[in-house]
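*Asks:* Quick one: sequence plus predicted model below, questions after.
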Amino acid sequence: MNAYKRRQFVSTAVISAVCGSLIPALSRAMATKLNPTDPAAAALGYIENATKVDTKKYPAYKTGQNCASCALIMLQYSPYRPCKLFPKNVVNANGWCSAWVKNTQR
């Protein structure tokens with residue numbers, strides 16, 4: 001009887017640990033894409049395609065800058081990624097906004 005309870009406890013603990021580690025990944029996967037017309041996104045000039053940045057309006061933009069190369073992005077391998085500026089949304093890795101900061105880690 002004790003062996004059965006021990007196995008049940010271990011099984012429950014393992015399942016709980018696995019599910020607990022998946023919840024943050026699932027919540028990121030379910031995040032909505034940031035809409036460029038969102039007030040916060042619009043204030044920072046967020047655009048989903050960095051090659052279409054209005055350089056007259058945003059002269060700080062340099063060719064090659066995009067969300068994928070920004071220090072504020074949180075994941076490396078996904079076309080839409082969480083950004084520290086927009087915690088409830090994901091941004092296009094090919095996008096850009098005026099808060100872009102060069103990621104020196106990559």
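*Replies:* Ah, there it is.

*Asks:* What separation do you get for the residue positioned nearest the centre of the chain and Asn92?
*Replies:* Central residue of the chain (Cα atoms, centre = their mean): Pro82, 1.2 Å from the mean position. Distance check for Pro82 against Asn92: by Cβ to Cβ, to the nearest Å, it reads 12 Å. Every C-beta, even on glycine, is put in place using the N, C-alpha and C of the backbone.

*Asks:* Same question for Tyr61.
*Replies:* Where Asn92 is concerned, Tyr61 sits at a distance of 15 Å (Cβ to Cβ).

*Asks:* ok so, going back, please work out how many residues are found near the residue found closest to the residue nearest to the centre of the chain once you drop the neighbours it is linked to in the chain.
*Replies:* Excluding the flanking residues, the one nearest Pro82 by Cβ to Cβ, 6 or more residues apart in numbering is Met74, at 4.4 Å. Counted by other Cβ atoms under 10 Å, the residues lying close to Met74 total 13.

*Asks:* And the longest strand anywhere in the chain, what does it pack against?
*Replies:* Ranked by residue count and defined by DSSP state E, the top strand of the chain is strand 86-92. Packing contacts for strand 86-92, counted by 3 or more Cβ pairs under 8 Å, 6 or more residues apart in numbering; DSSP states H and E, involve strand 32-33, strand 80-83.

*Asks:* got the buried residues for that strand?
*Replies:* Applying a neighbour-count criterion of 16 or more other Cβ atoms under 10 Å, one finds 86, 89-92 buried in strand 86-92.

*Asks:* between those, which is nearest Ile47?
*Replies:* The closest of these to Ile47 turns out to be Asn92 (Cβ to Cβ; 8.7 Å).
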